[in-house]
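Colleague: Provide a 3D model corresponding to the input given below.
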Amino acid sequence: MEFIEKGIPLWKITIWDKRFNNVDNEWQPKTIKYNYLLSDELNSIKYEDGDVRILYTGKEVGYTTEELAGQNLSEGEIVSIPWGGIPSVKYHKGKFVTGDNRIATSSDVTRLTNKYLYYFLRGNINEVASYYRGASLKHPNMKDILKMKISFPSIDVQEEICTQLDILESIIFLRQKELLELDRLIKARFVEMFGDPEINPYGYKKAHMGDYITLLTDFSSNGSYETLDNGVTMYDKPNHAWIVRTTDLETGDMTSIKYIDESAYELLEKSKLFGGEIIMNKIGSAGNVYLMPEINMPASLGRNAFMFRYDDRINPKYLFQLLKSEYGQREIKQYVRGAVTKTITKNDVRAVTIVVPPIEIQNKYVDFIIQVNKSKVVSRLAASNPYIQNPNFAVKWP
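Modeller: Predicted coordinates for the structure are as follows:
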């Protein structure tokens, strides 16, 4: 493929939504400003049948209406990356409202199309991610991103390449939609087998969760971790044991997991994880629950979360579905405290009321989940398209 322009820094061919620190004025002669909304504000205007795109900073996809968007409504053909969190790239053409994203457009669409800019950033997502820095919530160093160099062919060739990649994206979208439908199937089967837990139409036993817990612990309850210098040192590269953070479980991003050495792992005796435990945030997103996957490496629970195990009257996969249901979330949220920093205690966790069908029925439901998950594996493989992450299919990104 012949590039008609080579090695052009992004600042020479893009316009962004604000002026960035430590960036020469020459790099940003113009900006296009948008109204930004917090996540809670975006959720408050979400409308399932809306035709205005909500640009969240995360993976969530949502829509609203022009009426609900009000003065926050924007319109254009744009490419966005999140200002904080997990690096990703989104493209949109039309009306939208946005969270705290950094938004770019081509400064000359007769030279560089916005769709090609989008696929260029998608194809170089690892480089984009390397410019996100910070100890906890990472933010992009925009000077480094603006220095990224792009080469591009003629407009006709750009459009041909993007058409091919659009087809691949549409296949991915359909597979992701199939995954959502399979998730709905699991929820529908839950209602079919157990009914509304609030009403409990089958008269199953209701009890406090603490009656079935055999272990409820967190990172700080180990005590001995304080003997290490400044607590536990975490490493970016494999170093004996995975220190499991709820962000790992929520995003499924295994490229940024942290590790601890063997001496730290042995001191964290009580918080060792073996797979299958239920994990709950105790601070911040207090009450959010996760199911620890099966693992083949040593692992220990990170900070700010509880993990619990149950006796043989509870199947953790059944309980996880119950706690993730509307009923389970209502039960948990009534114990969450704090106006700004939300927390939940161990005693609160024990007090949550759960529905406990006979273990045989729980196991039957979990067998159904296992079968559905086999179908989800096939869909995930089809949806994890290698060409957009490294799109040699149509073009080798320079």
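
Colleague: ok so residue 67 is a helix residue?
Modeller: Yes: Residue 67 forms part of a helix when assessed by DSSP: H, G, I helix; E, B strand; the rest coil.

Colleague: quick check: the closest residue to residue 292 other than its chain neighbours vs residue 250, distance?
Modeller: Nearest residue to residue 292, sequence neighbours excluded (C-beta to C-beta, 6 or more residues apart in numbering): residue 277, at 4.4 Å. The C-beta positions use only the backbone N, C-alpha and C, and glycine is treated the same way. Note on residue 277: its distance to residue 250, by C-beta to C-beta, to the nearest Å, is 16 Å.

Colleague: for residue 191, see how far away the spatially closest residue to residue 356 that is not a sequence neighbour is.
Modeller: Of all residues not flanking residue 356 in the chain, residue 205 sits nearest, at 4.6 Å (C-beta to C-beta, 6+ apart). Distance, residue 205 to residue 191, by C-beta to C-beta: 19 Å.

Colleague: residue 86 now?
Modeller: Where residue 191 is concerned, residue 86 sits at a distance of 32 Å (C-beta to C-beta).

Colleague: okay, the two: which has more neighbours?
Modeller: Neighbour totals were compared for residue 86 and residue 191, and residue 86 leads with 17 against 11 (other C-beta atoms under 10 Å).

Colleague: the nearest residue to that one once chain neighbours are set aside: neighbouring residues, count only.
Modeller: By the measure of C-beta to C-beta, 6+ apart, the closest residue to residue 86 outside its immediate chain neighbours is residue 251, 5.6 Å from it. Burial of residue 251 is recorded as 15 neighbouring residues (other C-beta under 10 Å).

Colleague: show the contacting residues for residue 202.
Modeller: Residue 202 is in contact with 194-195, 357, counting by C-beta atoms under 8 Å, 6 or more residues apart in numbering.

Colleague: what's the closest of the residues you listed to residue 273?
Modeller: Residue 273 has its nearest neighbour among the contacts of residue 202 in residue 357, at 26.5 Å by C-beta to C-beta.

Colleague: ok, now which ones touch the nearest residue to residue 106 once chain neighbours are set aside?
Modeller: Leaving aside its sequence neighbours, residue 106 sits nearest to residue 112 (C-beta to C-beta, 6+ apart; 4.6 Å). When contacts are counted by C-beta under 8 Å, 6+ apart, residue 112 touches 13, 106, 150, 152, 158.

Colleague: next one: stretch 166-176 to chain centre, how far?
Modeller: In this view, stretch 166-176 has its centroid 19 Å away from the chain centroid, taken as C-alpha atoms, centre = their mean, to the nearest Å.
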